[in-house]
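> here's a sequence, model it:
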Amino acid sequence: MSGVQILAALRTPVAPRGGALSRLDLPELCAPVIGAALEAAGMARDAVDEVILGNALGAGGNPARRIALAAGLGERVAGLTLDRQCVSGLDALVMGAALIRAEQAEVVVAGGVESYSRRPLRWRTDPDGGPPVAYDRPPFTPWPDRDPEMDDAAADLVRELGLTREEMDGWAVESHRRARMAEARLRSEILPLGGLAQDAFTRDLTPRIAARAPVLVGPVTAANAAVAADGAAVCVMVSDRVARQLGRPGPRFVAGITLGGRPEMPGLAPVEAIRDLLAQTETRVSDLAVIEVMEAYAVQAMACVRLAGLDPARVNPGGGGLARGHPIGASGAVNAVRLWHELRSVGGLGLAAIAAAGGIGTAVLLSTAP
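Now for the predicted structure:
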């Protein structure tokens, strides 16, 4: 069974919906990133066996196929689009690694792409012939009483953990501070696009500014919840054989896992994924040099840190989703790109984790060790 290495990892800037990337369709958003990532990996476009992309809001049509064609990868690349909501972009890497290990592919471009700005409008038809009814999101469970809106679920998690708004605002302030401090080094992972060369939402957030943020639900506010956003991110994953041929080894994909949890508490789902992944790989939390946890809400990231015993000093060293935004199906891939670049700098073992609606959590381990 082949090992899996990641030779390049690249992303667009992340921009709030209606912002600098809002006029770009999915191929325009993602195809340039694929081309640049392959160039960085020293690979020809016709070497790619498969493209796997997370996308949650595109309403079908297999965007990965459209993007593969737009990127000039050749007509033989079928493209596979995953929709497991927020974990989709990280799940794409898990699936890409599985294809390579099973020797069904040797070069896979895996990641995610999302345009909140250009998502289709959603309508349900009436089987009795009445007018269609608009809806904003699909159900994530078969039980309406266990399918909360995400803001409500975050507020419930705040109560379960006994956190305060001030504590969550403090996490958000620190996320923006770290992102601001890291802006220079983040340039190496960002392909400028739409006239934007860095994440557009990062700001000099202070506790006083956070305290004035509009309330969403209870202690959950516009400051401690991630803004809806557009963006794309991809990793070039290859077999050990291809990496040896190119003479350009990269960080290894060690393992990944996706698990379901309590549907009404999606923010807790990554905790079990992290615990199981560390146990399966006989990894201690203290072994992790870098940890990238998605900050869809401050409380969700804080829950992972507290309940999985993570070191907050090693979590999101370049800032997190609160300082960037949340391009749903791409967010897990953005975390993977962030982790890849941080590990290239500090070396060692790294973890990325993310939650999704319906109570789903995904976690992966990367390593720079041979």
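> ok, and for stretch 342-358, which residues are buried?
Glu342, Leu343, Leu349, Gly350, Leu351, Ala352, Ala353, Ile354, Ala355, Ala356, Ala357, Gly358 (16 or more other C-beta atoms under 10 Å). Glycine gets a C-beta too; all of them are placed from N, C-alpha and C.
> among these, which are located in strands?
Using DSSP state E, the members of the buried residues of stretch 342-358 that fall within strands are Leu349, Gly350, Leu351, Ala352, Ala353, Ile354, Ala355, Ala356.
> what's the first one in contact with, if anything?
Pointing back at Leu349 there. Val254, Thr283, Asp287, Leu288, Ala289, Leu343, Leu365, Leu366, Ser367, Thr368, Ala369 (C-beta atoms under 8 Å, 6 or more residues apart in numbering).
> could you redo the last one with a cut-off of 7 Å?
Taking C-beta atoms under 7 Å, 6 or more residues apart in numbering, we find Leu349 in contact with Thr283, Asp287, Leu288, Ala289, Leu365, Ser367.
> could you give the bridge partners of the nearest residue to the second one once chain neighbours are set aside?
Distances taken as C-beta to C-beta, 6 or more residues apart in numbering put Leu349 closest to Asp287, at 5.3 Å, once the chain neighbours are dropped. Using DSSP bridges, the bridge partners assigned to Leu349 are Leu288, Ser367.
> before we move on, back to that, possible to save the ones in strands among the buried residues of stretch 342-358 as JSON lines with pLDDT and distance to Ala98?
Shown next, in JSON lines, are these (pLDDT from 0 to 100; distance: C-beta to C-beta, whole Å):
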{"residue": "Leu349", "pLDDT": "98", "distance to Ala98": "20"}
{"residue": "Gly350", "pLDDT": "98", "distance to Ala98": "20"}
{"residue": "Leu351", "pLDDT": "98", "distance to Ala98": "19"}
{"residue": "Ala352", "pLDDT": "98", "distance to Ala98": "17"}
{"residue": "Ala353", "pLDDT": "98", "distance to Ala98": "18"}
{"residue": "Ile354", "pLDDT": "98", "distance to Ala98": "18"}
{"residue": "Ala355", "pLDDT": "98", "distance to Ala98": "21"}
{"residue": "Ala356", "pLDDT": "98", "distance to Ala98": "19"}
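> quickly note the distance from Ala71 to Ala31.
Counting by C-beta to C-beta, to the nearest Å, the separation of Ala71 from Ala31 is 4 Å.
> neighbour-wise, which of the two wins?
Just comparing Ala71 and Ala31: by other C-beta atoms under 10 Å the higher neighbour count belongs to Ala71, 25 against 21.
> I'd guessed Ile257 sits against Leu278; true?
No. Ile257 is not in contact with Leu278 according to C-beta atoms under 7 Å; the separation is 9.9 Å.
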